[in-house]
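A.B. asks: would you be able to build a 3D model of this:
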Amino acid sequence: MRDKSEAVNTTDVLIVGAGPTGLALCAQLLLFGVRARIIDRSLNRAHESRALAVQARTLELFQALDLADELVSRGNKSAKLMLHVDGRVVAGAQLAGFAAADTRFPFVLFVSQAETEALLGERLASQGVTIERGIELTDFVAAADGVECVLRGDDGRQERVHARYLVGCDGAHSTVRKRAGIPFEGDAYLQDFMLGDIEADATFDVGFQGNTLHSFTGGNAIAMFFPLGHPATWRVIAMSRDANTRTGESAGNDEKPNAGDLSIDELQSVVDSATGGVVRLRDPVWLTHFRLHHRQAARYVNGRVILAGDAAHIHSPVGGQGMNTGVQDAWNLGWKLALVLAGAAHPKLLESYEAERWPVGRALLQYTDRIFSLFVRSLSRNPLMVWLRRSVVSRLLPGILTSKRLGSLAFYFISEFSIHYRKSRLAIEGQPRLRKGPRAGDRLPDARLTRDGPPTYLQKELSGPSFHLLLCGSTEAWNADDIADLKSHYRENLVLHYLSRNVGANILVDSGAVLAGLGVPDTGQYLVRPDGYVAYRCGGSDLRGLQQYLASWLVNSPRAG
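C.D. replies: Residues are numbered from 1 along each chain as shown. As a prediction, this is how the structure comes out:
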């Protein structure tokens, strides 16, 4: 690929794609002290709104970067949902205030993807990392010790880079995936969608407020109005069952929109059908046709070439989980990559990335495909479907959407709290087993407690670039020599915490039901991964099982002196 005398730059990780997935990966690697290079062929970051919903699990992960509260301040956490069917308001619901006591973020946050990217970009800049824009990956050859990459700038100049790992976060068109020869399996939906960031006015009172998500179903069309705020008040996604199938690039093997090929009159026509003509559009900021695909890479890892985000999976935006799933791909991968690069973990740890995240991508495709198909069928002009839509569904939806129990269950699913890795090789239930509480492979729930007096939160205390060992119960139950041995062997890669009902210096104090929620009646231990999932747990104070677990994945830190 190159002359041996030719200059080659080196990096531990080359991230291709500076969207939310690539930015989140780069930021997490920085937490561990890994300075990756991140490139993007676009000269500027996208300012279109694109993804709009940030789910609670993503906000929890962003706590490690101290970005969660800032992102919440830039978005709308009090949005409502209002459903309109054939010109009538049939149901409404709040998208916040769910009965979820185990999170600081019991809501769906509506905020532009541009804001999310800007915040992550600011974080990288504060750490001295430059997003290299106008740089394109044109070729690479994988080897046993890394990947030889060819980069080209917008001025045509080439650079050769040797990366120990190459990560493709470069979207549905992924150059990394294509050149790695990884199949992108699936298909495109037949329907043509219209999208716009736009101003809109209701011709009579339908509760058309800027903090409400409106779904209009009527005639042969559906139109969704998402509260955006900036650069326009509304993001509109519309689809007509009778729309002609488009041809050209948008019908190809991607979901990239053809910017500028949609007129406001075309969009207004479909919106009229869905709303019965009660909403008028004006002042468009961005209009486009686009096609939706449901595809997944056959594998996420090919040697030292790795895929994440839309490069690994694309699907219907139903549920607002696309960007969030990509960020969580990055969070699952980042800590594993960092520990392996540092020689602190066995290389086999990286195998768990695909083993854990590929099934999540598959389940998400199946779920969104079913919901999307239901949407399409609901637009049928079949008399039976029209009757079901107007009579049965309209009567059932109010009860469903106002049920606190059903709302909490739906929130738990949409927020991605239900994602677990119980079948992963990294998830071990030790002996004696705890019968209640989050299992190995589950997300560690949040809880309010105190430390040295002031209130704090469990997830906040156990976040950061390391494994966290939570020793539950009386502090006197733990053998001091065992604790010293753990600290000596794993140093900064293992942080110890004590959780007790007894007040003491530097102790997490449970003044409520935290220990009960963890299923610890007396004494127990939880090992929490850097991404906030339970790796190992058991009852009692015998640490031998924990020591065996750590030795199977981590490498002892060298002793000082």
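
A.B. asks: was I right about His420 contacting Ala440?
C.D. replies: No - in this structure His420 lies outside contact range of Ala440 using C-beta atoms under 8 Å: 9.3 Å. Heads up, the C-betas are built off the backbone N, CA and C, glycines and all.

A.B. asks: neighbour count winner among the two?
C.D. replies: More crowded of His420 and Ala440, by other C-beta atoms under 10 Å: Ala440, with 24 against 18.

A.B. asks: so who does that one touch?
C.D. replies: Residues in contact with Ala440 (C-beta atoms under 8 Å, 6 or more residues apart in numbering) are 422, 427-429, 534-537.

A.B. asks: shaky segments in the stretch 401-550 of the chain?
C.D. replies: Scanning the stretch 401-550 of the chain for pLDDT under 70 picks out 401-403.

A.B. asks: hey, where'd the strands end up in it?
C.D. replies: Secondary structure of the stretch 401-550 of the chain, counting by DSSP state E, counting those that start in this stretch: strands at 428-429, 448-451, 455-457, 467-472, 494-500, 508-509, 524-528, 534-539.

A.B. asks: mind naming the longest helix for this protein?
C.D. replies: helix 351-378 (DSSP state H).

A.B. asks: any idea which helix or strand carries the residue most central in space within the chain?
C.D. replies: What sits nearest the mean C-alpha location of the chain, by C-alpha atoms, centre = their mean, is Asn324, with 2.3 Å. Per DSSP states H and E, Asn324 falls inside helix 322-341.

A.B. asks: packing partners of that helix?
C.D. replies: Taking 3 or more C-beta pairs under 8 Å, 6 or more residues apart in numbering; DSSP states H and E as contact, the helices and strands that helix 322-341 lies on are strand 9-16, helix 20-31, strand 53-54, helix 56-62, strand 158-168, helix 351-378.

A.B. asks: give the pairing partners of the fifth one; include direction for each.
C.D. replies: Strand pairing for strand 158-168, using DSSP bridges, gives strand 9-16 (parallel), strand 146-153 (antiparallel), strand 305-307 (parallel).

A.B. asks: helix 322-341 and that strand, what's the angle between them?
C.D. replies: Strand 158-168 runs at 110 degrees relative to helix 322-341, counting by axes from the mean of the first three to the mean of the last three C-alpha atoms, to 10 degrees.

A.B. asks: in PDB, could you pull the C-alpha coordinates for strand 158-168?
C.D. replies: Extracted C-alpha coordinates of strand 158-168, given in PDB (Å, rounded to 0.1, in the frame of the first residue of the first chain):
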ATOM      1  CA  GLN A 158      -3.100  12.900   1.100                       C
ATOM      2  CA  GLU A 159      -1.900  11.600   4.400                       C
ATOM      3  CA  ARG A 160      -1.100   8.100   5.500                       C
ATOM      4  CA  VAL A 161      -2.000   7.100   9.000                       C
ATOM      5  CA  HIS A 162      -1.300   3.900  11.000                       C
ATOM      6  CA  ALA A 163      -4.100   3.400  13.500                       C
ATOM      7  CA  ARG A 164      -4.200   0.600  16.000                       C
ATOM      8  CA  TYR A 165      -8.000   0.600  15.600                       C
ATOM      9  CA  LEU A 166     -10.200   2.100  13.000                       C
ATOM     10  CA  VAL A 167     -13.800   2.900  14.000                       C
ATOM     11  CA  GLY A 168     -16.500   3.700  11.400                       C
END
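
A.B. asks: ok and the longest helix of the chain relative to helix 322-341, angle-wise?
C.D. replies: Interaxial angle, helix 351-378 versus helix 322-341 (the same axes, to 10 degrees): 170 degrees.

A.B. asks: pLDDT on helix 351-378, on average?
C.D. replies: Helix 351-378 shows an average pLDDT of 85 in the prediction.

A.B. asks: from the middle of its chain, how far away would it be?
C.D. replies: 14 Å (C-alpha atoms, centre = their mean, to the nearest Å).

A.B. asks: do the same with stretch 507-523
C.D. replies: Relative to the chain's own centre, stretch 507-523 is displaced by 29 Å; criterion: C-alpha atoms, centre = their mean.

A.B. asks: got it, and stretch 323-335?
C.D. replies: With C-alpha atoms, centre = their mean, you get 6 Å for stretch 323-335.

A.B. asks: CA atoms only: put that stretch into CSV for me.
C.D. replies: Extracted C-alpha coordinates of stretch 323-335, given in CSV (Å, rounded to 0.1, in the frame of the first residue of the first chain):
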residue,chain,number,x,y,z
MET,A,323,-29.1,8.6,17.7
ASN,A,324,-29.4,7.3,21.2
THR,A,325,-28.6,3.8,20.1
GLY,A,326,-25.5,5.1,18.3
VAL,A,327,-24.3,6.9,21.4
GLN,A,328,-24.8,3.8,23.5
ASP,A,329,-22.8,1.8,20.9
ALA,A,330,-20.0,4.3,21.5
TRP,A,331,-20.3,4.1,25.3
ASN,A,332,-20.2,0.3,25.2
LEU,A,333,-17.2,0.3,22.9
GLY,A,334,-15.1,3.2,24.3
TRP,A,335,-14.2,1.8,27.7
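
A.B. asks: other residues contacting it?
C.D. replies: 19-22, 24-25, 28-29, 31-32, 50-51, 53-55, 57-58, 61, 113, 116, 167, 169, 306, 308-310, 312-313, 353, 356-357, 360-361, 364, 416, 419, 465, 529-531.
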